[in-house]
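J.: Okay, sequence plus prediction incoming.
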Amino acid sequence: MTYKQNYNDIAMEERNKTLGEFIIENQKAFQYSSGELSRIINSIRLAAKVVNYKVNKAGLVDIIGAVGEQNIQGEEQQKLDVYANEVFIQTLINREIVCGIASEENDEFITVKGSDNSNNNKYVILMDPLDGSSNIDVNGSLGTIFSVFRRITPIGTPVTSEDFLQPGINQVAAGYVIYGTSTMLVYTTGHGVNGFTLNPAIGTFYLSHPNMKFPESGHIYSVNEGNYVHFPQGVKNYIKYCQREEEDRPYTSRYIGSLVSDFHRNMIKGGIYLYPTSSKAPKGKLRLLYECNPMAFIAEQAGGKATDGFGRIMEIQPTELHERVPFFCGNYDMVEKAEEFMAEGL
């Protein structure tokens with residue numbers, strides 16, 4: 001069954017369900033939670049609406065262009081990067097729902113204390129506040145990615161790096177926001193993937209894509225082929241396989257340059273996303289904690305697969321906050337085929 005068929009079978013009242021209503025109805029499915037999930041997702045929802053408003057005004061106000069500084073990744077920060085980072089951090093701090101925040105834009109994690117100077121919250125959040133910065137000046141799609149873990153250190157004590165350096169299998173929630181032709185919030189708590197579309201007229205997210213799944217087969221491959229000569233042999237061989245004239249190929253090449261946008265399209269239409277190692281980026285480019293882990297969690301919950309070319313992304317034990325890894329993610333069979341070529345290319 002295609003996603004379109006599945007969508008058309010859903011009762012109108014189900015599609016009209018708001019994000020808030022959905023969270024309340026499914027609160028019991030969130031392990032350990034006594035209301036925290038609702039507050040965390042609501043904080044992200046609020047921050048996303050603020051960022052969406054600013055994104056939609058880009059070009060009309062002084063929010064595009066570089067700020068003249070580099071982030072911890074050595075990348076030039078855009079004004080919208082800085083703005084989104086501040087909005088999400090302040091929204092989460094003000095709501096006093098998490099005890100720690102780690103952002104792709106910050107050198108170190110942030111310890112969050114309550115108004116009573118306590119550290120009694122149970123969750124930490126890691127995020128890429130604005131994915132796809134290279135698309136800002138050309139009006140391309142952007143995104144936000146987030147990942148939620150239950151803290152390891154004792155409640156009441158300050159968070160440490162140990163709380164953030166957990167393998168992806170420990171995630172209790174993950175999701176993304178895509179700022180495109182419409183604004184969508186997609187997330188999972190380990191019980192399937194659901195997408196909510198923002199109605200800008202009233203500022204409410206409605207359930208528009210329930211129980212999202214990768215199609216049984218995919219015909220799209222997403223990779224920056226401009227780096228082809230720098231890729232390992234296994235990746236080169238897989239790209240040639242995708243381009244070969246066969247019964248179900250060649251596949252279609254689609255690459256936006258925003259992980260959220262490429263992933264979202266591939267999950268709906270069927271495809272694979274690749275950001276491998278290269279001679280220019282020996283460890284890969286994407287961040288394990290802020291990008292790969294949350295997207296891997298979503299992919300697996302949607303029936304897909306995510307690996308570093310050889311092993312499961314969510315089983316990697318992180319060693320540093322801004323660790324980079326190669327990333328292969330999408331339809332299960334397509335990722336497995338890519339892994340075969342990686343093994344043969346050694």
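T.: Received, thanks.
J.: only C-alpha atoms for contact and neighbour calcs from this point on.
T.: OK.
J.: separation between residue 336 and residue 306?
T.: Distance, residue 336 to residue 306, using Cα to Cα, to the nearest Å: 9 Å.
J.: quick one: which of the two has more around it?
T.: Shown here are residue 336 and residue 306; by other Cα atoms under 10 Å, residue 306 has more neighbours (29 against 19).
J.: Confirm that the more buried one sits in a strand.
T.: Yes. Residue 306: assigned to a strand according to DSSP: H, G, I helix; E, B strand; the rest coil.
J.: which residues sit in contact with it?
T.: Contacts for residue 306 (Cα atoms under 8 Å, 6 or more residues apart in numbering) come out as 296, 299-300, 312-313, 327-330, 335.
J.: repeat that with 6 Å
T.: 296, 313, 328-329 (Cα atoms under 6 Å, 6 or more residues apart in numbering).
J.: repeat for residue 187
T.: Counted by Cα under 6 Å, 6+ apart, residue 187 has contacts 174-175, 193-194.
J.: Need these in JSON lines (columns: neighbour count, pLDDT and distance to residue 239).
T.: As requested, the contacts of residue 187 are exported to JSON lines (neighbours: other Cα atoms under 10 Å; pLDDT from 0 to 100; distance: Cα to Cα, whole Å):
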{"residue": "174", "neighbour count": "27", "pLDDT": "97", "distance to residue 239": "30"}
{"residue": "175", "neighbour count": "26", "pLDDT": "98", "distance to residue 239": "28"}
{"residue": "193", "neighbour count": "23", "pLDDT": "97", "distance to residue 239": "29"}
{"residue": "194", "neighbour count": "22", "pLDDT": "96", "distance to residue 239": "31"}
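J.: is it true that residue 169 touches residue 314?
T.: Yes. Residue 169 is within contact range of residue 314, at 5.2 Å (criterion: Cα atoms under 6 Å).
J.: Between the two, which has more neighbouring residues?
T.: Taking neighbours as other Cα under 10 Å, residue 169 and residue 314 compare with residue 314 leading, 25 against 17.
J.: From residue 249, how far out is the more buried one?
T.: Note on residue 314: its distance to residue 249, by Cα to Cα, is 30 Å.
J.: again with residue 327
T.: The value you get for residue 327 to residue 249, if Cα to Cα is used, is 23 Å.
J.: Nearest the geometric middle of this protein, what residue?
T.: The C-alpha lying nearest the average C-alpha coordinate of the chain belongs to residue 145 (Cα atoms, centre = their mean; 3.7 Å).
J.: SS state for it?
T.: Under the three-state scheme (three-state DSSP), residue 145 adopts strand.
J.: before we move on, the earlier item: narrow the contacts of residue 306 to just the buried residues.
T.: 296, 313, 328-329 (16 or more other Cα atoms under 10 Å).
J.: Please flag which of those residues sit within helices.
T.: Among these, the residues falling in helices (DSSP state H) are residue 296.
J.: Output the buried ones among the contacts of residue 306 as CSV; include the columns pLDDT.
T.: Below are the buried ones among the contacts of residue 306 laid out as CSV (pLDDT from 0 to 100):
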residue, pLDDT
296, 98
313, 98
328, 98
329, 98
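J.: Nearest to residue 202 among the buried ones among the contacts of residue 306?
T.: Using Cα to Cα, residue 296 comes nearest to residue 202 of the buried ones among the contacts of residue 306, at 32.2 Å.
J.: Check the gap between the closest one and residue 239 for me.
T.: Taking Cα to Cα, one finds residue 296 at 21 Å from residue 239.
J.: Work out for me the element the spatially closest residue to residue 337 that is not a sequence neighbour sits within.
T.: Ranked by Cα to Cα, 6 or more residues apart in numbering and with sequence neighbours excluded, the top spatial neighbour of residue 337 is residue 238, at 8.0 Å. Counting by DSSP states H and E, the element that carries residue 238 is helix 233-243.
J.: And the helices in the stretch 201-346 of the chain, which stretches?
T.: For the stretch 201-346 of the chain, the helices defined by DSSP state H, counting those that start in this stretch cover 233-243, 259-269, 293-301, 332-344.
J.: Can you work out which other helices and strands pack against the last one?
T.: Okay, so that is helix 332-344. helix 233-243 (3 or more Cα pairs under 6 Å, 6 or more residues apart in numbering; DSSP states H and E).
J.: got the angle for the helix it packs on vs helix 332-344?
T.: With axes from the mean of the first three to the mean of the last three Cα atoms, to 10 degrees defining the directions, helix 233-243 sits at 140 degrees from helix 332-344.
J.: any idea how far helix 233-243 is from the chain center?
T.: 26 Å (Cα atoms, centre = their mean, to the nearest Å).
J.: just how off-centre is stretch 338-346 within its chain?
T.: Counting by Cα atoms, centre = their mean, stretch 338-346 comes out at 26 Å from the chain centroid.
J.: Now that stretch: buried residues?
T.: 338-339, 341-342.
J.: Reformat those residues as CSV; add pLDDT and distance to residue 263.
T.: Shown next, in CSV, are the buried residues of stretch 338-346 (pLDDT from 0 to 100; distance: Cα to Cα, whole Å):
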residue, pLDDT, distance to residue 263
338, 98, 16
339, 98, 18
341, 97, 21
342, 97, 21
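J.: The residues you listed: which two are farthest apart?
T.: Maximum pairwise distance among the buried residues of stretch 338-346 (Cα to Cα): 6.2 Å, between 338 and 342.
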